[in-house]
Structure formats: C-alpha cells, structure tokens
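Novice: From the sequence below, what's the structure:
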Amino acid sequence: MGTSDHWPLLITCENVGFDKNKMFPHVNWKAYEAILTLLQDFWTNEQNRGMQADEWYMNYVRFLAALKVRLTQWKEKESFRPSLPSYFIQKVKEAKRIRNKYYCEKTIFNTNEETRVLLRVLSREVKIEIAKYKSRKWQELLSKIQETHDNTNRVFWLCLSRIYKHKSLPFSKLDTGKTVLAKENEISDELYRCYSEQFKAQKADMSDPHENQIETEYLKLINKLPILNEKIEKTNFTEIKRHILKLKPKKSSGFDVVSNFISKKMPPGYINC
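Specialist: A predicted model of the protein is given here:
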C-alpha cells in the first residue's frame, strides 16, 4: 500500500480508514485439562445412572464446547506483525518503488539504464542485509540456548542424576485406613492392588436397560463374526489411546466444535466411557 499511486488520495480523504488490530482467542488449556480431570467421576456417574448413550454424548459434547468458550480470552493484537525491523521494511518498500518505476519506464520509454542499475544495486543490498539479519538472529538464539545448558548448577544436577539413581519409594509409610504399612514390598503390593481394582473393567449390570441393549448388540456382532471372511481383531484401551495420539492437533471450529486438539486433551479415563 505504501508504494501505490493512490496513496496520496487516501491520505487526503477523511472517510477512508483501516483497522490494524484484530481479536485473537487464547484458551487456557491447562485449566481445561484440570477441569476435565476433576469432573471425570461426575460424567461417569451420569452414564451409570441410566442416561441414554446418545443423550449422554450430546450433553458431553456441549459441555466440552462450553468449557472451551468459558476458558477463552479474546486479546487484541496487531493483525500484521512483520518479522523484520522497521528500517528493513522501509528499505524493502523503497526497492519495490524503484522496481515499479523501472517497469513503468520500460513500458513507456523501452529502457532506462540508470533506473535498472539502481534497482539491481538496491535489490542486492536488501537481499544481503536480510540474510545477515536472519543469520545474526539465529546465532543469538543458539547462544541463548547454549548459555542455558552451560549453567554450572544445571550441569551438576544432570551429571548427578546419571550417577545417583534413587531406587526407594518417595515415602516411608502408607496408611490404608486400618493399618500402617512400613515395608517397601507391602506398600508396593497395596498400591498395586488399589490401582488394579480402580482401573479394572466393570461388570455389566443387566438390570440397566442401556447396558442390556449394549450386551444384546454385542452378542449379535459376535455371532456374525464366524460367517465373515474378513479377519476382525478386538480393540483395547491401548489401541484407542494410540489412535487418539496420532490425530493431528487441529483446532477446528464451526460445526466441528470438538476438535482433534480437544480430544487429545481429554484424560485417559474417558476412553472407557
């Protein structure tokens, strides 16, 4: 716009203007993960209470979308933020002005040697200076990273972590509510038993119509498997988690209110739902 022939007219006109700022959303994803983890038991209980699968899914999707909107802050930023300093931008604009002048004179007067030489020299200078600037910024970044790694305290603790490996538990006793365990093997066995019971698969409650319907459809599919020629393998928690991690972290919007990025932020416990 700075090299346009209509720029003087825009300056003198009072009714023409443009907004250089734009509103950008910033989502607090750490708070998003924390709230999902805290409300995991609530949504699991809602499903176990007998709610229909479609109704539960629609409510949960609406909750995910509403939580994202609630944790989104709109901040005003400049929509055009060049990576080069202002004096470089002025020089690039000057080179662009000379280029437009050269091609305009070439069309009217066939050629202009003075303008052609000026354009060639100015283009070479701009190209060399931009390359030097990018190289200097890259070296500054590498030096900053190297200074961080050359910190004596950090190097000491990194070397110490390779030599001294703490094998014992981070606590000495465990209170189970009935007794206090002090031996390491007893503490390990108790923790293993506790977490095994917590994450084991729940048995289907046939008195629940929702679970009864799922069990009926599952048996129908199992009875159809021997007839099929294609080999079908059962999925598991690990496979589903691996496929979720492979999703591209796209922050889509519009009809797709729950994007891949939101799915990757969900705690693993929701996979069983």
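
Novice: What count of nearby residues applies to the residue lying closest to Glu211 once chain neighbours are set aside?
Specialist: Nearest residue to Glu211 in three dimensions, chain neighbours excluded: Ala204, at 4.9 Å (C-beta to C-beta, 6 or more residues apart in numbering). Using the backbone N, CA and C atoms, a C-beta is placed for each residue, glycine as well. By other C-beta atoms under 10 Å, 12 other residues sit near Ala204.

Novice: where does Ala204 fall, phi/psi-wise?
Specialist: The phi/psi pair for Ala204 (degrees, to the nearest 10) reads phi -70, psi 130.

Novice: if I pick it, what's in contact with it?
Specialist: Residues in contact with Ala204 (C-beta atoms under 8 Å, 6 or more residues apart in numbering) are Glu211, Ile214, Glu215.

Novice: Just send these back as a markdown table, with secondary structure too.
Specialist: Below are these laid out as a markdown table (DSSP: H, G, I helix; E, B strand; the rest coil):
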| residue | secondary structure |
| --- | --- |
| Glu211 | helix |
| Ile214 | helix |
| Glu215 | helix |
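
Novice: and those, which are buried?
Specialist: Buried residues within the contacts of Ala204, counting neighbours by 16 or more other C-beta atoms under 10 Å: Glu211.

Novice: Can you tell me which of the contacts of Ala204 has the lowest confidence score?
Specialist: Within the contacts of Ala204, the minimum per-residue pLDDT falls on Glu211 (81).

Novice: so it makes contact with Asp205?
Specialist: Yes - with contact defined as C-beta atoms under 8 Å, Glu211 and Asp205 form a contacting pair (5.4 Å).

Novice: and the biggest helix by length in the chain, what other elements does it pack with?
Specialist: As assigned by DSSP state H, the longest helix anywhere in the chain is helix 113-149. Helices and strands touching helix 113-149, by 3 or more C-beta pairs under 8 Å, 6 or more residues apart in numbering; DSSP states H and E, are helix 86-109.

Novice: Alpha carbons only: can I get the helix it packs on in CSV?
Specialist: Extracted in CSV, the C-alpha atoms of helix 86-109 (Å, rounded to 0.1, in the frame of the first residue of the first chain):
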residue,chain,number,x,y,z
SER,A,86,11.1,-1.1,10.6
TYR,A,87,14.2,0.2,8.8
PHE,A,88,14.4,-3.1,6.8
ILE,A,89,10.7,-2.7,5.8
GLN,A,90,11.3,0.9,4.7
LYS,A,91,14.2,-0.3,2.5
VAL,A,92,12.1,-3.1,1.0
LYS,A,93,9.4,-0.6,0.2
GLU,A,94,12.0,1.7,-1.4
ALA,A,95,13.2,-1.3,-3.6
LYS,A,96,9.6,-2.0,-4.5
ARG,A,97,9.0,1.6,-5.5
ILE,A,98,12.1,1.6,-7.7
ARG,A,99,11.0,-1.7,-9.3
ASN,A,100,7.6,-0.3,-10.1
LYS,A,101,9.2,2.8,-11.6
TYR,A,102,11.6,0.7,-13.7
TYR,A,103,8.9,-1.4,-15.2
CYS,A,104,6.7,1.6,-15.8
GLU,A,105,9.6,3.4,-17.6
LYS,A,106,10.5,0.3,-19.5
THR,A,107,6.9,0.1,-20.9
ILE,A,108,6.9,3.7,-22.0
PHE,A,109,10.5,4.5,-22.9
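
Novice: Fine by me, we can end here.
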